[in-house]
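1. 3D, please:
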Amino acid sequence: MEINPVISLSIFAVIVVLGILLIYPKRGILAKYAKLKVSSKKNQLEDALKHIFDYEYHNLKPTLNSIAGNLEISTDKASQLVSKLKKSNLILINDQGVSLTEDGKLYALRVIRVHRLWENYLAEEIGMNELEWHDQAEMIEHSLTPEEADALSAKMGNPKFDPHGDPIPSTDGIMPVKKGVSLNEVEEGETLRILHIEDEPKSIYTKLVSVNLFPGRVIKVILKTVKKIKLSADGEEITITPLLASNINVEHVAKSEFIEEKQRDLLSLKKGEIGVVARILPVCRGQQRRRLLDFGIVPGSEISVLMKSPMNDPIAYIVKDTIVALRKDQAKQVILKNVS
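-> Numbering: from 1, shown residues only. Got it, this is the predicted structure:
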């Protein structure tokens, strides 16, 4: 059967184009696949360094099994990673396990710096939900250069701690001192401020977020047993297990800082009442917090309800002769005092 020359030429053209797309240097499919594989291996190496650093920071001994478990890979692959790290003079291997060299420590701190800066950016600049900070930062930490990290840090005023309360390493690899003690180490009756909440594993962090525990909140231990710890905060009782408490770091504060009675939020304000703003909760971050401040919703300002929509969302308030419309979730973040 004779093949039409035009069809033959078209088929040839398609083959040539596919061939170019496949093998084109640097931009072809094979080149991109190879780059992706290299990037994936680099990410694993950096994740291994982070894990080793974290274990050493908490006075634990990292091992081949702990690396494999943390990265969710086989021990064979973990062994290959460890060999590469040793050849690169980033770790040392001994009978007890592995440890970072000075170069390995600096490398790990660079990755950790990017991760925590990015979490801070997502929280303070974007206002992203706290359950998403860690996963989003995990994706960006391997691609941001040290120069880009410095620029990001400068944009935010060079923060010393991330939104979880973890210290952010400096450009030179200096780690701010981590303060506080575990909530498990304190006694009944003590008044405390939450300094840090560990965001891994995510299942535990999610539970702590769900009971409204966050850095900056002042709490009081009202009951402590081997099975549970009961806390009081702003008139609310919160019960958690010692396992959950192990992910919380606290510092002691004066009893006068503890608020015994339940405070009213802006959402509870009724028409005809006038409330005085006491504070905006620390969990209100980023653009949402700046928006409230721009509206004049600051400590000491008076606020009243003008009108409510049919579904009570949004609600119109009057602040300093200005009409402000707020959603329910925004109004809940504003705490009042002296409601009259």
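
2. on the pLDDT front, check K35 for me.
-> K35 carries a pLDDT score of 38 in this model.

3. er, I297 I mean
-> Model confidence at I297, given as pLDDT, is 90.

4. tell me the contacts of it?
-> 277, 280, 303, 319, 324, 334 (Cβ atoms under 8 Å, 6 or more residues apart in numbering). Heads up, the C-betas are built off the backbone N, CA and C, glycines and all.

5. could you do K155 as well?
-> Taking Cβ under 8 Å, 6+ apart, we find K155 in contact with 121, 125.

6. shift numbering so it begins at 29
-> Noted, 29 is the first residue going forward, which turns the last one into K183.

7. for A165, see how far away it is.
-> 16 Å (Cβ to Cβ, to the nearest Å).

8. what do you get for I101?
-> Using Cβ to Cβ, we find I101 at a distance of 21 Å from A165.

9. same drill for the two, tell me which one is more crowded.
-> More crowded of I101 and A165, by other Cβ atoms under 10 Å: A165, with 21 against 17.

10. how about the helices in this structure?
-> Shown for the chain, the helices assigned by DSSP state H span residues 33-51, 57-85, 92-99, 103-115, 130-149, 158-168, 174-183, 230-238, 270-273, 314-322, 356-359.

11. most tightly packed of the ones you listed?
-> Compared across the helices of the chain, helix 130-149 shows the largest average neighbour count, a mean of 22 (mean count of other Cβ atoms under 10 Å).

12. now that helix against helix 314-322, angle please.
-> Here the directions of helix 130-149 and helix 314-322 differ by 50 degrees (axes from the mean of the first three to the mean of the last three Cα atoms, to 10 degrees).

13. what lies in contact with stretch 115-130?
-> Here stretch 115-130 has contacts from 77, 80-81, 84, 89-92, 94-95, 110, 113-114, 131-132, 135-136, using Cβ under 8 Å, 6+ apart.

14. wait, stretch 261-270
-> With Cβ under 8 Å, 6+ apart, stretch 261-270 has contacts from 212, 235-236, 239-241, 245-248, 250, 254-260, 287-291, 363.

15. might you report the residue contacts of the residue nearest to the spatial centre of the chain?
-> Centroid-nearest residue in the chain, with Cα atoms, centre = their mean: W161, separated by 3.9 Å. For W161, the contacting residues are 147, 150-151, 191-192, 227, by Cβ under 8 Å, 6+ apart.

16. would you reformat the residues you listed as CSV and include pLDDT and distance to L172?
-> Shown next, in CSV, are those (pLDDT from 0 to 100; distance: Cβ to Cβ, whole Å):
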residue, pLDDT, distance to L172
E147, 93, 12
L150, 89, 13
A151, 88, 17
P191, 89, 18
H192, 89, 19
D227, 87, 19
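
17. now these: which count as buried?
-> Neighbour-count burial within those applies to 147, 150-151, 191-192, 227; the criterion is 16 or more other Cβ atoms under 10 Å.

18. distance check, the residue lying closest to the residue nearest to the centre of the chain once chain neighbours are set aside against I287.
-> Spatial nearest neighbour of W161, excluding adjacent residues (Cβ to Cβ, 6 or more residues apart in numbering): E147 at 4.4 Å. Note on E147: its distance to I287, by Cβ to Cβ, is 28 Å.

19. still on that earlier bit, surely the residue nearest to W161 and E166 touch.
-> No. The criterion here is Cβ atoms under 8 Å, and E147 misses it with E166 at 9.8 Å.

20. and L50, what pLDDT?
-> On the pLDDT scale, L50 gets 47.

21. hmm, I typed the wrong one, I wanted L145.
-> What the model reports as pLDDT for L145 is 94.

22. residue contacts, it?
-> Each residue near L145 by Cβ under 8 Å, 6+ apart is listed here: 177, 180-181, 184, 187, 190, 196.

23. between the residues you listed, which is closest to S274?
-> Taking Cβ to Cβ as the measure, S274 sits nearest to D190 out of those, at 19.4 Å.

24. mind listing what's buried in stretch 123-130?
-> Buried residues in stretch 123-130 (16+ other Cβ under 10 Å): 125-128.

25. tell me the contacts of the nearest residue to S107 once chain neighbours are set aside?
-> Leaving out its chain neighbours, the residue that sits closest to S107 by Cβ to Cβ, 6+ apart is L92, at 6.1 Å. By Cβ under 8 Å, 6+ apart, the contact set of L92 is 103, 106-107, 110, 125-126.
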